[in-house]
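Visitor: Pasting the sequence and the predicted model now:
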Amino acid sequence: MDYRLPLLLSFFAYSPGFCTPIMYALREFHYINLKMNWADAQQYCRANYTDLATIESMADNNRLKGIEPSEAWIGLHDDPLSWKGIGGNERNSWRWSSTGEFTERDNHNWRQYEPNNYNGQQHCVVMNLDTSLDDEDCNREFYFVCYNAANPPGQRTFVLIRQGMTWTDAREYCRNHHTDLAMMQTEPEARDLGTVKGPFQVWIGMYREPWRWSDNRNSSFKNWRNGQPNNYLAVQYCVFLNPDYTWGDNDCSVKLPFWCQTVPKKKIYKLKMKIKTNVDLSNPALNTQLLQKLGEVMSEKDLANVKLRWSIQPRKQEEEEDKNECPAN
(Lines give C-alpha, C1' and ligand atoms only; values in the text may rest on other atoms or scores of the structure.)
Protein backbone atom coordinates (compact mmCIF):
# COMPACT_ATOMS: atom_id res chain seq x y z
CA MET A 1 0.00 0.00 0.00
CA ASP A 2 1.46 3.34 -1.10
CA TYR A 3 -0.09 5.62 1.50
CA ARG A 4 1.78 8.26 3.50
CA LEU A 5 -0.68 10.47 5.36
CA PRO A 6 1.83 12.99 6.81
CA LEU A 7 3.22 13.73 3.32
CA LEU A 8 -0.29 13.97 1.92
CA LEU A 9 -1.31 16.46 4.60
CA SER A 10 1.73 18.66 4.10
CA PHE A 11 1.13 18.70 0.35
CA PHE A 12 -2.55 19.47 0.88
CA ALA A 13 -1.83 22.52 2.97
CA TYR A 14 1.13 24.06 1.21
CA SER A 15 1.60 22.89 -2.38
CA PRO A 16 1.33 25.95 -4.66
CA GLY A 17 1.68 23.75 -7.74
CA PHE A 18 -1.80 22.33 -7.41
CA CYS A 19 -4.31 23.15 -10.11
CA THR A 20 -6.40 24.92 -7.46
CA PRO A 21 -4.28 26.06 -4.53
CA ILE A 22 -5.81 26.30 -1.06
CA MET A 23 -6.21 29.87 0.13
CA TYR A 24 -7.94 30.80 3.36
CA ALA A 25 -8.15 34.23 4.94
CA LEU A 26 -8.23 34.02 8.73
CA ARG A 27 -10.43 36.42 10.64
CA GLU A 28 -8.55 39.53 11.67
CA PHE A 29 -8.54 40.76 15.28
CA HIS A 30 -8.43 44.45 16.20
CA TYR A 31 -7.60 45.77 19.67
CA ILE A 32 -9.70 48.85 20.48
CA ASN A 33 -8.16 50.96 23.23
CA LEU A 34 -11.44 52.64 24.21
CA LYS A 35 -13.18 51.80 27.46
CA MET A 36 -16.80 50.73 26.99
CA ASN A 37 -19.27 48.38 28.61
CA TRP A 38 -19.81 45.06 26.82
CA ALA A 39 -22.99 46.09 24.98
CA ASP A 40 -21.47 49.36 23.72
CA ALA A 41 -18.32 47.48 22.67
CA GLN A 42 -20.49 45.04 20.72
CA GLN A 43 -22.27 47.92 18.99
CA TYR A 44 -18.95 49.62 18.15
CA CYS A 45 -17.50 46.43 16.64
CA ARG A 46 -20.60 45.77 14.56
CA ALA A 47 -20.57 49.33 13.24
CA ASN A 48 -16.86 49.51 12.40
CA TYR A 49 -15.76 45.88 11.89
CA THR A 50 -17.77 42.63 11.89
CA ASP A 51 -18.40 41.87 15.57
CA LEU A 52 -16.76 41.40 18.95
CA ALA A 53 -14.00 38.79 18.77
CA THR A 54 -14.88 35.09 18.56
CA ILE A 55 -12.10 32.75 19.74
CA GLU A 56 -12.49 29.15 18.56
CA SER A 57 -9.06 27.68 19.28
CA MET A 58 -5.83 28.22 21.19
CA ALA A 59 -4.35 29.38 17.88
CA ASP A 60 -6.97 32.16 17.79
CA ASN A 61 -6.25 32.98 21.42
CA ASN A 62 -2.51 33.20 20.78
CA ARG A 63 -3.03 35.60 17.87
CA LEU A 64 -4.25 38.22 20.36
CA LYS A 65 -0.82 38.31 22.00
CA GLY A 66 1.59 41.14 21.31
CA ILE A 67 -0.58 43.99 22.57
CA GLU A 68 0.37 45.52 25.94
CA PRO A 69 -1.40 43.27 28.48
CA SER A 70 -4.76 44.63 29.57
CA GLU A 71 -8.15 43.30 30.54
CA ALA A 72 -10.35 43.53 27.43
CA TRP A 73 -13.81 42.34 26.41
CA ILE A 74 -14.25 39.49 23.91
CA GLY A 75 -17.51 38.31 22.36
CA LEU A 76 -18.51 35.53 24.77
CA HIS A 77 -21.57 36.17 26.95
CA ASP A 78 -24.34 34.34 28.82
CA ASP A 79 -27.36 36.60 28.38
CA PRO A 80 -29.65 36.12 31.42
CA LEU A 81 -32.67 37.20 29.35
CA SER A 82 -32.29 33.86 27.55
CA TRP A 83 -32.44 31.64 30.63
CA LYS A 84 -33.94 33.44 33.63
CA GLY A 85 -37.45 32.13 34.22
CA ILE A 86 -38.67 30.77 30.90
CA GLY A 87 -37.12 28.99 27.97
CA GLY A 88 -36.28 30.64 24.69
CA ASN A 89 -34.69 30.06 21.33
CA GLU A 90 -31.18 31.31 22.09
CA ARG A 91 -28.24 28.91 22.20
CA ASN A 92 -27.94 29.23 25.98
CA SER A 93 -31.67 28.88 26.78
CA TRP A 94 -33.23 26.04 28.79
CA ARG A 95 -34.32 22.98 26.83
CA TRP A 96 -35.39 19.38 27.33
CA SER A 97 -32.93 16.52 27.01
CA SER A 98 -35.25 14.45 24.82
CA THR A 99 -36.25 17.16 22.32
CA GLY A 100 -33.63 19.91 22.51
CA GLU A 101 -36.53 22.39 22.74
CA PHE A 102 -38.43 24.31 25.40
CA THR A 103 -41.45 26.57 25.01
CA GLU A 104 -43.39 29.06 27.13
CA ARG A 105 -46.23 26.61 27.54
CA ASP A 106 -43.92 24.05 29.19
CA ASN A 107 -43.95 23.86 32.97
CA HIS A 108 -41.41 26.22 34.55
CA ASN A 109 -42.38 26.40 38.20
CA TRP A 110 -39.13 27.94 39.42
CA ARG A 111 -38.44 28.39 43.12
CA GLN A 112 -38.25 32.07 44.16
CA TYR A 113 -34.98 33.73 43.05
CA GLU A 114 -34.17 30.76 40.82
CA PRO A 115 -32.55 30.07 38.39
CA ASN A 116 -29.48 32.05 39.47
CA ASN A 117 -26.49 30.11 38.08
CA TYR A 118 -24.78 30.20 41.48
CA ASN A 119 -20.99 30.27 41.17
CA GLY A 120 -21.43 30.17 37.40
CA GLN A 121 -21.79 26.38 37.45
CA GLN A 122 -25.53 25.59 37.54
CA HIS A 123 -26.73 24.42 34.14
CA CYS A 124 -29.02 21.47 34.96
CA VAL A 125 -32.36 21.32 36.78
CA VAL A 126 -33.71 19.47 39.82
CA MET A 127 -37.26 19.23 41.07
CA ASN A 128 -37.35 20.17 44.75
CA LEU A 129 -39.28 18.52 47.59
CA ASP A 130 -42.16 20.99 47.01
CA THR A 131 -42.06 20.29 43.21
CA SER A 132 -40.58 23.73 42.43
CA LEU A 133 -37.59 23.83 40.07
CA ASP A 134 -34.01 24.86 40.83
CA ASP A 135 -30.84 25.07 38.72
CA GLU A 136 -27.94 22.98 40.02
CA ASP A 137 -24.35 22.00 39.23
CA CYS A 138 -24.64 19.13 36.73
CA ASN A 139 -21.79 17.28 38.49
CA ARG A 140 -23.70 16.88 41.75
CA GLU A 141 -25.37 13.52 42.39
CA PHE A 142 -29.13 13.17 42.92
CA TYR A 143 -31.80 10.55 42.47
CA PHE A 144 -33.57 11.09 39.16
CA VAL A 145 -36.79 10.42 37.25
CA CYS A 146 -36.94 8.84 33.80
CA TYR A 147 -39.96 8.76 31.54
CA ASN A 148 -41.40 6.21 29.14
CA ALA A 149 -42.99 7.47 25.94
CA ALA A 150 -46.55 6.32 25.37
CA ASN A 151 -48.75 5.68 22.37
CA PRO A 152 -50.74 7.84 21.83
CA PRO A 153 -48.26 10.64 22.65
CA GLY A 154 -48.88 12.92 25.61
CA GLN A 155 -49.39 10.12 28.15
CA ARG A 156 -45.91 9.78 29.57
CA THR A 157 -45.24 7.53 32.55
CA PHE A 158 -42.52 8.31 35.08
CA VAL A 159 -40.09 6.08 36.95
CA LEU A 160 -38.05 7.10 40.02
CA ILE A 161 -34.48 5.80 40.07
CA ARG A 162 -33.14 5.71 43.64
CA GLN A 163 -29.48 5.91 42.76
CA GLY A 164 -27.38 9.06 42.99
CA MET A 165 -25.84 10.08 39.67
CA THR A 166 -24.61 13.21 37.91
CA TRP A 167 -27.05 14.72 35.44
CA THR A 168 -25.14 13.35 32.43
CA ASP A 169 -24.95 9.82 33.87
CA ALA A 170 -28.64 9.97 34.79
CA ARG A 171 -29.52 10.95 31.22
CA GLU A 172 -27.45 8.05 29.87
CA TYR A 173 -29.16 5.62 32.23
CA CYS A 174 -32.62 6.84 31.23
CA ARG A 175 -31.83 6.60 27.53
CA ASN A 176 -30.55 3.05 27.95
CA HIS A 177 -33.41 1.75 30.11
CA HIS A 178 -36.36 4.05 29.36
CA THR A 179 -36.93 6.93 26.93
CA ASP A 180 -35.08 9.84 28.53
CA LEU A 181 -34.86 11.99 31.64
CA ALA A 182 -38.29 13.24 32.72
CA MET A 183 -39.94 16.09 30.85
CA MET A 184 -43.30 17.71 31.58
CA GLN A 185 -45.32 19.97 29.32
CA THR A 186 -48.68 20.09 31.10
CA GLU A 187 -49.88 20.64 34.66
CA PRO A 188 -51.17 17.02 34.96
CA GLU A 189 -47.72 15.75 33.93
CA ALA A 190 -46.08 18.02 36.49
CA ARG A 191 -48.40 16.64 39.21
CA ASP A 192 -47.70 13.05 38.15
CA LEU A 193 -43.95 13.68 38.21
CA GLY A 194 -44.25 15.26 41.68
CA THR A 195 -46.11 12.21 42.95
CA VAL A 196 -43.63 9.69 41.46
CA LYS A 197 -40.51 11.45 42.78
CA GLY A 198 -41.81 11.22 46.36
CA PRO A 199 -39.90 13.01 49.17
CA PHE A 200 -36.71 13.46 47.12
CA GLN A 201 -34.92 16.19 45.20
CA VAL A 202 -34.39 14.69 41.72
CA TRP A 203 -32.83 15.45 38.36
CA ILE A 204 -35.23 16.07 35.48
CA GLY A 205 -34.41 16.55 31.80
CA MET A 206 -34.04 20.35 31.73
CA TYR A 207 -30.56 21.73 30.97
CA ARG A 208 -28.84 24.48 29.03
CA GLU A 209 -25.54 25.12 27.27
CA PRO A 210 -24.08 28.27 28.86
CA TRP A 211 -22.18 30.94 26.94
CA ARG A 212 -22.50 31.93 23.30
CA TRP A 213 -20.53 34.25 21.07
CA SER A 214 -21.74 37.66 19.97
CA ASP A 215 -21.85 36.42 16.34
CA ASN A 216 -23.95 33.44 17.57
CA ARG A 217 -21.23 30.89 16.91
CA ASN A 218 -21.06 27.89 19.20
CA SER A 219 -17.59 26.66 20.15
CA SER A 220 -16.47 24.04 22.67
CA PHE A 221 -13.12 25.83 23.10
CA LYS A 222 -12.77 27.70 26.40
CA ASN A 223 -9.69 29.15 28.12
CA TRP A 224 -10.94 30.02 31.61
CA ARG A 225 -8.57 31.16 34.34
CA ASN A 226 -8.58 28.91 37.44
CA GLY A 227 -11.78 29.49 39.43
CA GLN A 228 -13.59 31.12 36.50
CA PRO A 229 -16.37 31.56 35.61
CA ASN A 230 -17.87 32.17 39.06
CA ASN A 231 -20.73 34.64 38.43
CA TYR A 232 -19.61 36.68 41.45
CA LEU A 233 -22.55 38.47 43.10
CA ALA A 234 -24.72 36.87 40.38
CA VAL A 235 -24.05 39.72 37.92
CA GLN A 236 -21.18 38.39 35.77
CA TYR A 237 -22.52 37.46 32.34
CA CYS A 238 -19.80 38.76 29.98
CA VAL A 239 -16.26 37.53 29.31
CA PHE A 240 -12.98 39.43 29.22
CA LEU A 241 -9.42 38.51 28.32
CA ASN A 242 -6.95 38.66 31.24
CA PRO A 243 -3.43 40.09 30.83
CA ASP A 244 -2.18 36.46 30.75
CA TYR A 245 -4.71 35.72 27.93
CA THR A 246 -6.88 33.45 30.07
CA TRP A 247 -10.58 34.32 30.37
CA GLY A 248 -12.76 35.57 33.22
CA ASP A 249 -16.41 36.57 33.66
CA ASN A 250 -17.35 40.08 34.75
CA ASP A 251 -20.24 42.48 35.18
CA CYS A 252 -21.23 43.54 31.65
CA SER A 253 -21.56 47.18 32.77
CA VAL A 254 -17.83 47.46 33.60
CA LYS A 255 -15.94 49.60 31.07
CA LEU A 256 -12.93 47.91 29.44
CA PRO A 257 -10.99 48.03 26.15
CA PHE A 258 -12.10 45.30 23.75
CA TRP A 259 -11.26 43.10 20.78
CA CYS A 260 -13.19 43.34 17.51
CA GLN A 261 -12.93 41.01 14.53
CA THR A 262 -13.21 41.29 10.78
CA VAL A 263 -14.44 38.12 9.09
CA PRO A 264 -13.73 37.78 5.35
CA LYS A 265 -16.35 36.37 3.01
CA LYS A 266 -16.36 32.61 2.79
CA LYS A 267 -14.64 31.08 -0.23
CA ILE A 268 -14.72 27.51 -1.45
CA TYR A 269 -11.66 26.02 -3.14
CA LYS A 270 -11.52 22.57 -4.65
CA LEU A 271 -8.39 20.50 -4.34
CA LYS A 272 -7.79 17.52 -6.60
CA MET A 273 -5.54 14.77 -5.28
CA LYS A 274 -4.69 11.19 -6.14
CA ILE A 275 -3.96 8.53 -3.57
CA LYS A 276 -2.50 5.18 -4.59
CA THR A 277 -3.83 2.61 -2.16
CA ASN A 278 -5.62 -0.70 -2.06
CA VAL A 279 -7.90 0.67 0.68
CA ASP A 280 -11.49 1.43 -0.32
CA LEU A 281 -11.60 5.24 -0.20
CA SER A 282 -15.37 5.20 -0.67
CA ASN A 283 -15.66 3.76 2.84
CA PRO A 284 -17.46 6.44 4.93
CA ALA A 285 -15.60 5.48 8.11
CA LEU A 286 -12.21 5.89 6.40
CA ASN A 287 -13.31 9.20 4.89
CA THR A 288 -14.23 10.46 8.35
CA GLN A 289 -10.83 9.44 9.73
CA LEU A 290 -8.99 11.17 6.88
CA LEU A 291 -10.96 14.38 7.35
CA GLN A 292 -10.29 14.24 11.09
CA LYS A 293 -6.54 13.93 10.48
CA LEU A 294 -6.62 16.73 7.93
CA GLY A 295 -8.52 18.89 10.40
CA GLU A 296 -5.96 18.24 13.14
CA VAL A 297 -3.10 19.33 10.91
CA MET A 298 -5.01 22.43 9.76
CA SER A 299 -5.64 23.34 13.38
CA GLU A 300 -1.94 22.99 14.24
CA LYS A 301 -1.16 25.39 11.38
CA ASP A 302 -3.61 28.05 12.65
CA LEU A 303 -6.23 27.00 10.08
CA ALA A 304 -8.81 25.66 12.52
CA ASN A 305 -11.60 27.57 10.77
CA VAL A 306 -11.16 25.79 7.43
CA LYS A 307 -14.13 23.51 6.78
CA LEU A 308 -13.35 20.28 4.90
CA ARG A 309 -15.68 18.02 2.93
CA TRP A 310 -14.97 14.72 1.18
CA SER A 311 -16.10 14.27 -2.42
CA ILE A 312 -15.30 11.39 -4.80
CA GLN A 313 -15.89 11.89 -8.52
CA PRO A 314 -17.33 9.18 -10.76
CA ARG A 315 -14.63 7.20 -12.57
CA LYS A 316 -15.56 8.48 -16.05
CA GLN A 317 -15.44 12.14 -14.98
CA GLU A 318 -12.10 11.54 -13.26
CA GLU A 319 -10.58 10.07 -16.42
CA GLU A 320 -11.77 13.00 -18.52
CA GLU A 321 -10.31 15.53 -16.09
CA ASP A 322 -6.97 13.66 -16.06
CA LYS A 323 -6.56 14.68 -19.71
CA ASN A 324 -6.86 18.35 -18.79
CA GLU A 325 -4.55 18.55 -15.79
CA CYS A 326 -2.84 21.90 -15.43
CA PRO A 327 0.82 22.01 -16.51
CA ALA A 328 3.58 21.82 -13.92
CA ASN A 329 5.21 25.14 -12.96
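Guide: Here it is on my side, so go on.
Visitor: distance between stretch 159-172 and the chain's centre?
Guide: Centroid displacement of stretch 159-172 relative to its chain, using C-alpha atoms, centre = their mean, to the nearest Å, is 24 Å.
Visitor: Show me which residues of it are buried.
Guide: Residues 160-161, 165-167, 169-171 are the ones in stretch 159-172 that count as buried (16 or more other C-beta atoms under 10 Å). Using the backbone N, CA and C atoms, a C-beta is placed for each residue, glycine as well.
Visitor: Just these: which are in strands?
Guide: 160-161, 165 (DSSP state E).
Visitor: quick one on the thing from earlier: which of the buried residues of stretch 159-172 sits closest to Asp135?
Guide: Trp167 (10.9 Å; C-beta to C-beta).
Visitor: correct me, but that closest one touches Asp135?
Guide: No: in this structure, Trp167 is not within contact of Asp135 by C-beta atoms under 8 Å, at 10.9 Å.
Visitor: list the residues that contact both of these two?
Guide: Taking C-beta atoms under 8 Å, 6 or more residues apart in numbering as the criterion, Trp167 and Asp135 both touch Cys124.
Visitor: could you pull out the strands for the protein?
Guide: Going by DSSP E, the chain shows strands at 28-36, 51-52, 72-77, 95-96, 122-127, 133-137, 142-148, 157-165, 180-181, 202-207, 212-213, 236-241, 247-251, 256-262.
Visitor: picking that back up, of the buried residues of stretch 159-172, closest to His108?
Guide: Among the buried residues of stretch 159-172, and counting by C-beta to C-beta, the member closest to His108 is Trp167, at 17.6 Å.
Visitor: From Leu76, how far out is that closest one?
Guide: Taking C-beta to C-beta, to the nearest Å as the measure, Trp167 falls 23 Å from Leu76.
Visitor: So for Gly194, which of the strands of the chain sits nearest?
Guide: Closest among the strands of the chain, using C-beta to C-beta: strand 122-127, at 7.1 Å.
Visitor: rewinding a little: can you say which of the strands of the chain is nearest to Asn62?
Guide: Taking the strands of the chain one by one with C-beta to C-beta, strand 28-36 is closest: 10.8 Å.
Visitor: wait, doesn't Pro243 sit right on Ser70?
Guide: Yes: assessed by C-beta under 8 Å, Pro243 is found in contact with Ser70 at 6.3 Å.
Visitor: Give me the contact list for stretch 35-44.
Guide: Contacts of stretch 35-44 (C-beta under 8 Å, 6+ apart): 32, 34, 51-52, 73, 75, 77, 214, 238, 252-258, 260.
Visitor: what about 6 Å?
Guide: Stretch 35-44 is contacted from outside by 52, 73, 214, 238, 252-253, 255, 258, using C-beta atoms under 6 Å, 6 or more residues apart in numbering.
Visitor: next one: stretch 46-61
Guide: In contact with stretch 46-61 (C-beta under 6 Å, 6+ apart) are residues 29-30, 42, 45, 74-75, 213-215, 217, 219, 221, 223, 245, 259-263, 302, 304.
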